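Asks: Attaching a predicted model along with its sequence, questions to come.
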Amino acid sequence: MDETVEKCPVEEAIRVVGGKWKLLVLRSLLLNGPQRYNDLLKTVTSISPKELTRNLRELMQSGLVERISGTGLLVQYHLTELGKGLMPTFESLLVWGKKLAVSG
């Protein structure tokens, strides 16, 4: 019997953005716009270069982030339209985080 099992959309979303660093990388790109690698290292505090590279690769594979090469050695990372679609989610997390801070 060959049954097709539909993936849960929430499970898929967690797979794509889950982990310790991905949401922080996405937040930095949402708030600050396109950034160079070293700028991301500064804005995503405490992330190692190895972790940043791994997370950027995974976010690019998922279609949330693009790597754009400009003139010379200028390379920037920016959100795709799919990645920008996370803005309402971050706004909801901000509101919930403020409530959490007050209650905790």
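Replies: Looks like it came in fine.
Asks: tell me, which helix in this structure spans the most residues?
Replies: Taking DSSP state H as the criterion, the chain has its longest helix at helix 87-103.
Asks: That helix packs against which elements?
Replies: Judged by 3 or more C-beta pairs under 8 Å, 6 or more residues apart in numbering; DSSP states H and E, the packing partners of helix 87-103 are helix 22-32. (Glycine included, C-beta is placed from N, CA and C.)
Asks: and the helix it packs on, average pLDDT?
Replies: What helix 22-32 shows for mean pLDDT is 96.
Asks: State the distance from the residue sitting nearest the centre point of the chain to Asn32.
Replies: Central residue of the chain (C-alpha atoms, centre = their mean): Leu26, 2.8 Å from the mean position. As defined by C-beta to C-beta, to the nearest Å, Leu26 lies at a distance of 11 Å from Asn32.
Asks: my read is Tyr77 is in a strand, agree?
Replies: Yes: counting by DSSP: H, G, I helix; E, B strand; the rest coil, Tyr77 is part of a strand.
Asks: isn't it right next to Asn32, touching?
Replies: No: taking contacts as C-beta atoms under 8 Å, Tyr77 lies outside contact range of Asn32: 10.6 Å.
Asks: Now the residue nearest to the centre of the chain: closest residue in space that isn't a chain neighbour?
Replies: Leaving out its chain neighbours, the residue that sits closest to Leu26 by C-beta to C-beta, 6 or more residues apart in numbering is Leu86, at 6.0 Å.
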